[in-house]
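Asker: Predicted model and sequence follow; I will ask about them next.
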Amino acid sequence: MFLIKTKDDLEEGTGKLSCTTEIQAVFILSSTVIFFCGFLVLFISRFIRRSFNKWKKSKGIFLEFNSGNMRRKHSRSLTFQGHFRDRIEMLLSAQTFVGQVLVILVFVLSIGSLIIYFINSTDPVRSCSSYHDRTIPIDLTFNAFFSFYFGLRFLAADDKLKFWLEMNSIVDIFTIPPTFISYYLKSNWLGLRFLRALRLLELPQILQILQAISTSNSVKFCKLLSIVLSTWFTAAGFIHLVENSGDPWLKGRNSQNISFFESIYLIMATMSTVGFGDVVPKTSLGRIFIIVFTFGSLVLFANYVPEMVELLANKRKYTSSYEVVKGKKFIVVCGNITVDSVMAFLRNFLRHKAGEINTEIVFLGEVLPSLELETIFKCHMAYTTFISGSALKWEDLRRVAVDSAEACLIIANPLCSDSHAEDSSNIMRVLSIKNYYPNTRVIIQILQSHNKAFLPKIPSWNWNTGDNIICFAELTLGFIAQGCLVPGLCTFLTSLFVEQNKKICPHEPWQQLFCNGLKNKILTQHLSNDFAGMSFPDACQLCFTKMHLLLIAIQHKSACYGYCGLMLNPPAQVKLHKNTLGFFIAESAKHVKRAFFYCAICHSDVQTPELIEKCECKSKTRHATGTTVVVMRDSQEECCRPQDPYSEAQMSFSSDLSVITKNFFCETEEEVDRLDSSGMFHWCRATPLNKMILKRTDKAKYEFRNHIVACVFGDAHSTLMGLRNFVMPLRASNYTRQELKDIVFIGSLDYLQREWRFIRNFPQIYILPGSALYSVDLHAVNIEACSMCAVLSSSCKSPSSPTLVDTEPIMATLNIGYLRISCSAQTPSGPQFAQYFSSNPRKSKYRRIPILTELKNPSNIHFIEQLSGMEGNFSGTNLHLSTAFATGTVFSGSFLDSLLATAFYNYHVVELLQMLVTGGMNFQLEQHLDKEKLFELNTGYSTILSGKMRCKLGLLSLNQTILSDIEPRRTFGQIFCGSLNNFGVLCLGLYRMIDKEERNPEHKRFVITRPENEFSLLPSDLVFCAIPFSTSCYKKDSKASPPCEIINIKPQKGETVQDVKLWKKMEKKAWRKPQWKMPMTFTIRLDWSLFPRGPWLTLYTASPEMVTLITEDNHGSLPLCASCAVEGRPASPHCLGRDKSLI
């Protein structure tokens, strides 16, 4: 049929036949005709089927089978077809073992067919292989199997037309028919067999079936590699065909002999846009293809190849293991590893050891770092290492050597859309780390306070080894609550923990004073042994006057509760012991070293603080002046002498405290304020929500005054922010029940109803359903007379821009700030507000409502600055250098990121912050309460008075408080020493007017942290103070009654308590003598540190000889009578018979 021109020498020497143009056309046309004819048949059949269906619907013709037998046969046929198709689909989808073998076999045979093509491509393209070539029968066998596989795929396809146009179908159509044509012609031609290279695109699927790759990076790399290789081989095959065949219309006169390897070389040079020019296409078809291919290769080479290189480089760079160097410390940081979190962490972590690189930071990130993050790591490459992995996988924990790390720090994302999911993932990281190596120290950031409860339940969690929790919600809402109690206190506390590295140029005098205060931070230092035996006020005054250090708190150990805690401004009866840890407000660690180097012998005459350095006698053993005794709030324990024999008995008494004493007081002292089980917070019985819901029409009924308004934004689906953390500091027991302020929440009832079950046991809490965006709701809660309005930020809802997370708080601030209240209207009462609004009300007609706004995104401060209307603001600065922050009207918890580094270096500072902010709770007390709950010792509430006996932070005026009795009071040093010596009040800072009254009509104030000793005071200044609970700061005639604590009460065996009365002796001669119905044995321990002139407590019994008073002096356990106690001597034996009243 076709004429084949042969050459005897060619046929005899190589077994090759010369193919004419007609034979080549037969090979190509066979595939082309099958493709278009099949497409046309499928298209026409689909058109006819759709037209027939439309015709049936339009005519309403329905074919019915009259014969039931035919209907059953048709049903069986459909069922068989359905089952058959399902089986084929299951087979082709590689869901079964047979299907996987079939898919892998097809891929392997395709690669084999491609290899045969590479072998045959060494022959001239215009020649045909005879059947003497053994590769032809092999290729024919492969294509027969491909035909079978093609038929299975065709039967399983739902859309036959779509299947016909798939890439794999086109490959089969243009490669299988020429093979059967070659069998008929007894010769084979290369033709379009290069299209088998497109089967390489299935390489990722095959490797996944074989489980050779599993990670996302490996799958991605394999996919990119398959795309590049298939493109190279297919394009090179086309160039090889057209260049060796020539243009058809020129009958091959412009052809050139080019090998397949040279074709690949040409394609590579074209894709890389190099174009060497040594190998170029000469045919018109080849040049047209190169023009089209160049545009596609630009995209392919520019995107895929660099991405492959990056994957290879990053895989080698970030998947290696960290090499532990003996003697070199390092920490592991995981969790939210982003540009912002890493920058914040490095800025705060490295400032603690400026110039000293002694701790390396290993970041364990689950996502490869971006270019910006890589730049940060390169800038700090001397002490940072990034390793790709997850803390949830033990293999990755092994690679970062977490078992050798000093600690593992977990960073949370405070701007995430789902706080609960973020906390859950971080808790799982802790579990994974603790399970891998239980002794690893873990410091974790938690967003929601109720999620803290899961961490101490981990068996290997240990507070004593440095495991710590930094709860954003607890601290953030605690800061805001303190700002509601004392104006400006929120800014004062925040400034002690904010690190400011940016240099600024203040424009106003007050700005310079504020920036100077920002230099002071909370620092710790062990005190010199020469402080042993001193009272805290004496030690505090010594540090202030001689060393220019402000000592605010010390660490102590409680024998009653069995844990080490902190005491803020303890009373004068507290004696320091050796190696006491002190907490200072100072500018640098170098300054607080003076307290450690102080020597009473060498430095007694030194007047310059800088000269207090380590002396020669410091290494010698010196005896402290006085007895080294630690006197604590609830007990007295001698730490540096042999333990008293009564100490064991005293410790055993605490075990009965929770049950016996609490029940005793609950039954007999109904008038005493109820406290919670810890004695730290005011408590009440659970109140139904409907009784606390306010109505707008009942404004005159409630008449709120000097209250706190909290604006809350949320709905029924919002994440709970934990309003309990806001309420608890406002209900701390160191404030009397009369000092508690009403709290009114304005927000969605659906949201507040979910929060209510956590705050229903706190007194004086009300809810107004509404929104702070409406002035009617604000007036309904009498916002004109509130002491502070707190605008709380809502939980994140994944806004389109980070700026929009604070939209509602900013709009509410705008709405509240627009309100102008006449000075003739009611103003908040209370000493701390006496000069807050106006020192001369007659000169100001209107005043602003005091407001404190929370911002989640600190960069939104410029919106608040615009609303403040202040002139001379800091230009181009961050939140903590803004006027709104300096005046105490805005707060952001963004600085809490720095506490992660602070907790690693010195967790005592975080403990002090938690105690100041949350109302007295710390992790030791939480641990103690957990143990009580474990043994079911929690009785619901307590009336133990000792829980109140802790200092509270306040704001005192120089003229209207006890500070007015101090003379002279021209400087901060004078008011500091005078208040400490006379009243036990510790001054910490100032709250000063920004400007003179005529230039400051709204009487805005700013915070000055730790002024210098010689800092001059103004009559309008307010002083931040740590005030003892029993100290009355305002001139009153009445004095607070001294506290006492019953440690253990044990009736005699077989007897019950019928009537028990506890009487407090307010004056020496105020004796009352009720009769007890039966004798009892009492064991009493008094807190001597709380009595400036001795304990005044009278107990009456029918058997006075059975009353025992345990003391912590050299006399041990002695009974004392009233007259003996006044004279300061032990009771004599005749006292028991003479006086029935024992102290």
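Answerer: Received the coordinates, thanks.
Asker: by contact count, what packs against whatever helix or strand Ile28 lives in?
Answerer: Per DSSP states H and E: Ile28 is located in helix 21-59. Contact here means 3 or more Cβ pairs under 8 Å, 6 or more residues apart in numbering; DSSP states H and E; on that basis helix 21-59 packs against helix 160-164, helix 167-185. The C-beta positions use only the backbone N, C-alpha and C, and glycine is treated the same way.
Asker: and if we set it to 10 Å?
Answerer: If you count contacts as 3 or more Cβ pairs under 10 Å, 6 or more residues apart in numbering; DSSP states H and E, helix 21-59 packs onto strand 127-130, helix 160-164, helix 167-185, strand 187-188, helix 216-245.
Asker: ok and that helix relative to helix 167-185, angle-wise?
Answerer: 130 degrees (axes from the mean of the first three to the mean of the last three Cα atoms, to 10 degrees).
Asker: For helix 21-59, list every residue counted as buried.
Answerer: Ile23, Gln24, Val26, Phe27, Ile28, Ser30, Ser31, Phe35, Gly38, Leu42 (16 or more other Cβ atoms under 10 Å).
Asker: Against Thr319, how distant is the residue lying closest to Met271 once chain neighbours are set aside?
Answerer: Once flanking residues are discounted, Met271 sits nearest to Ser297: 4.0 Å by Cβ to Cβ, 6 or more residues apart in numbering. Between Ser297 and Thr319 the computed distance is 31 Å (Cβ to Cβ, to the nearest Å).
Asker: Looking at those two, which is more packed in?
Answerer: Ser297 (20 against 15; other Cβ atoms under 10 Å).
Asker: tell me the pLDDT at that one?
Answerer: Note on Ser297: pLDDT of 78.
Asker: and the helix or strand hosting the residue nearest to Met271, what other elements does it pack with?
Answerer: Element membership of Ser297 [criterion: DSSP H and E] is helix 284-318. In terms of contacts (3+ Cβ pairs under 10 Å, 6+ apart), helix 284-318 is packed against helix 216-245, helix 260-271, helix 371-379, strand 384-388.
Asker: can you redo the ones you listed as CSV with mean neighbour count and mean pLDDT?
Answerer: As requested, those are arranged in CSV below (neighbours: other Cβ atoms under 10 Å; pLDDT from 0 to 100):
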stretch, mean neighbour count, mean pLDDT
helix 216-245, 20, 84
helix 260-271, 20, 85
helix 371-379, 13, 86
strand 384-388, 20, 90
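Asker: Could you pull up the residues touching the one residue sitting closest to the centre of the chain?
Answerer: The centroid of the chain falls nearest to Ala412 when counting by Cα atoms, centre = their mean (2.6 Å). For Ala412, the contact set (Cβ atoms under 10 Å, 6 or more residues apart in numbering) comprises 335-336, 341, 419, 422-423, 425-426, 444-447, 470-472, 896-897, 900.
Asker: The same query, at a cut-off of 6 Å, please.
Answerer: Contacts for Ala412 (Cβ atoms under 6 Å, 6 or more residues apart in numbering) come out as Asn336, Glu422, Asn426, Gln445, Leu447.
Asker: ditto for Gln555
Answerer: Going by Cβ under 6 Å, 6+ apart, the list of residues near Gln555 reads Leu566, Leu581.
Asker: Domain-wise, how is this protein divided?
Answerer: Following the TED database, one gets these domains for the chain: 19-51+79-212, 214-315, 329-470, 493-502+514-602, 689-823+844-869+879-892, 951-1031.
Asker: Would you mind giving these as JSON lines with distance to Gly919 added?
Answerer: Listed next are the domains of the chain as JSON lines, based on distance: least, Cβ to Cβ, whole Å:
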{"stretch": "domain 19-51+79-212", "distance to Gly919": "57"}
{"stretch": "domain 214-315", "distance to Gly919": "47"}
{"stretch": "domain 329-470", "distance to Gly919": "13"}
{"stretch": "domain 493-502+514-602", "distance to Gly919": "12"}
{"stretch": "domain 689-823+844-869+879-892", "distance to Gly919": "4"}
{"stretch": "domain 951-1031", "distance to Gly919": "9"}
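Asker: CA atoms only: put stretch 524-544 into CSV for me.
Answerer: What follows is stretch 524-544, C-alpha atoms only, in CSV (Å, rounded to 0.1, in the frame of the first residue of the first chain):
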residue,chain,number,x,y,z
THR,A,524,15.7,41.9,93.4
GLN,A,525,18.8,41.5,95.5
HIS,A,526,19.7,39.6,98.6
LEU,A,527,20.4,41.9,101.5
SER,A,528,23.6,42.1,103.4
ASN,A,529,23.7,40.1,106.6
ASP,A,530,24.1,43.4,108.5
PHE,A,531,20.4,44.0,107.9
ALA,A,532,19.6,40.9,110.0
GLY,A,533,17.6,41.9,113.1
MET,A,534,16.5,45.2,111.7
SER,A,535,12.8,46.0,111.3
PHE,A,536,11.6,46.5,107.8
PRO,A,537,11.0,50.3,108.2
ASP,A,538,14.5,50.7,109.5
ALA,A,539,16.0,48.7,106.7
CYS,A,540,13.9,50.5,104.2
GLN,A,541,14.9,53.9,105.5
LEU,A,542,18.6,52.9,105.6
CYS,A,543,18.4,51.9,101.9
PHE,A,544,16.6,55.0,101.0
